[in-house]
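[1] here is the input, now give the coordinates:
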Amino acid sequence: MKKAILGTTALVAVSAMAAGTASASDKIKLGVGGYMQSTYFYQSADEPSGTSDRTPDRMTQEGEIHFKGETTLDNGIKFGVNVQLEAYTATDQIDETYIYIDGSFGRIVAGSEDSAAYLMHYTSPSPVPMFGADSPNIYPTGQVNTSRPDMFADKDKITYFTPRFAGFQLGVSYVPDGDNETGSGNSPYQAPYLENGIDRGWAAAANYVNKFGGVDVALSAGYESANVTTGTPTVATPGTSGEDYYEYAFGAQVGVAGFTIGAGYGTDNNIGGVKDNDSKVWSAGLTYGMGPWSVGAQYSKKTFDPAVGSNTDQTIWVIGGQYTLGPGVTAFGGVEIDDNDLTASTATRMAGKTNTFFVGTSLSF
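    The predicted structure is shown next:
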């Protein structure tokens, strides 16, 4: 897990890392950074009878190229830009894109970026890159668990982070349209979309990071909420107001003597504006590392609690290790064990229990 100023995601890291810098008399110069991850995995699956055979092994990659730069004005305030290009074809070929302002007053982020509640969240540590029981980069069975508040994802928003004081930091986000972002169907040359889905959302979060002797401590809490409009609105006919959709999450990590232990918990409530259509996730993990290597295990469980029908569960175990071969080069391997209550598979989602054995390489630049 990559540590960062405001939380535990690499996306919040200070943009000056691998970024071009300029003086106040020069234009911003862009630098290039990012990451690339590649893995081979083999699966032993116990899908329900009648399911068509699948290819048992696969090669897959995940990565981004980041174009970043900033300049410092004569008054000490920094302005910067971050544009992230997906390394594979995706619905959002350009991922996060935002401008930020840093100063003694804190940090302001405007554009397509995750919310304060997402970015400031701490959760259980994964023993390996790419795979994970909580917030992974790859879903080898189509099953994913996350304790992060992710209602708004990368939708356009404005976020403010306070300076950190005595270990504490606060953050808030405002999201006018929680379903669309510039460049992904919502053209900047057209009027705003009709109210439909998640609109006028907001997020608030706080975390605490400190060191006591040889013990590192991180705690977080976050909340997100939005209005939901259902139906198919037209210019003449509005949609129907649904229940407010809201999420909250808590997390913690403690590091001491090479050990990192952590846990995360999150809930989604009134999903899609449907009353009592809920879900919850919790995760826990432990890693141990000395020098270039580390090993560990991580577990998560997600429970779906629909407004109608019975609850269903899905669980994920990830057990593995990694070894740093050199600056920015990490080899990793292990096993992921997915299990769920589904009685039928789909083309992209595996039912039952699946063991995924993997080896891979992670590069950062």
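[2] now do the SS call for the residue nearest in space to the middle of the chain.
    Centroid-nearest residue in the chain, with Cα atoms, centre = their mean: residue 135, separated by 5.8 Å. Three-state call for residue 135 (DSSP: H, G, I helix; E, B strand; the rest coil): coil.
[3] need phi/psi at it.
    phi 60, psi 60 (degrees, to the nearest 10).
[4] which pLDDT value belongs to residue 66?
    Reported pLDDT at residue 66 in the predicted model: 97.
[5] isn't it right next to residue 30, touching?
    No - with contacts counted by Cβ atoms under 8 Å, residue 66 stays clear of residue 30, the gap being 9.6 Å. Yep, even glycine has a C-beta here, placed from its N, CA and C like the rest.
[6] picking that back up, for the residue nearest to the centre of the chain, give me its contacts.
    123, 146-148 (Cβ atoms under 8 Å, 6 or more residues apart in numbering).
[7] just to revisit the earlier point, residue 66 and residue 30: which has the busier surroundings?
    Neighbour totals were compared for residue 66 and residue 30, and residue 66 leads with 24 against 16 (other Cβ atoms under 10 Å).
[8] which SSE is that one in?
    Element membership for residue 66, per DSSP states H and E: strand 57-72.
[9] helices and strands around that strand, which ones?
    strand 20-22, strand 31-46, strand 78-86 (3 or more Cβ pairs under 8 Å, 6 or more residues apart in numbering; DSSP states H and E).
[10] would a markdown table of those with mean pLDDT and distance to residue 327 be doable?
    Formatted as a markdown table, the helices and strands packed on strand 57-72 follow (pLDDT from 0 to 100; distance: least, Cβ to Cβ, whole Å):
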| stretch | mean pLDDT | distance to residue 327 |
| --- | --- | --- |
| strand 20-22 | 65 | 20 |
| strand 31-46 | 97 | 13 |
| strand 78-86 | 95 | 22 |
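[11] of those, which is nearest residue 320?
    Residue 320 sits nearest to strand 31-46 of all the helices and strands packed on strand 57-72, at 11.1 Å, using Cβ to Cβ.
[12] the closest one - contacts with which helices or strands?
    Applying 3+ Cβ pairs under 8 Å, 6+ apart, one finds that strand 31-46 contacts strand 57-72, strand 353-364.
[13] go through the ones you listed and name the closest to residue 164.
    Of all the helices and strands packed on strand 31-46, it is strand 57-72 that lies closest to residue 164, at 19.4 Å by Cβ to Cβ.
[14] that closest one to strand 353-364, inter-axis angle?
    Taking axes from the mean of the first three to the mean of the last three Cα atoms, to 10 degrees, one finds that strand 57-72 is oriented at 40 degrees with respect to strand 353-364.
[15] list the buried residues of strand 57-72.
    60, 62-72 (16 or more other Cβ atoms under 10 Å).
[16] quick one: which of the residues you listed is nearest residue 277?
    Proximity of the buried residues of strand 57-72 to residue 277 (Cβ to Cβ) peaks at residue 62, which lies at 30.2 Å.
[17] pLDDT score for that closest one?
    Each residue has a pLDDT score; the one for residue 62 is 94.
[18] partner residues bridging it?
    Counting by DSSP bridges, residue 62 forms beta bridges with residue 37.
[19] quick check: it touching residue 37?
    Yes - because the distance of 4.9 Å satisfies Cβ under 8 Å, residue 62 is recorded as touching residue 37.
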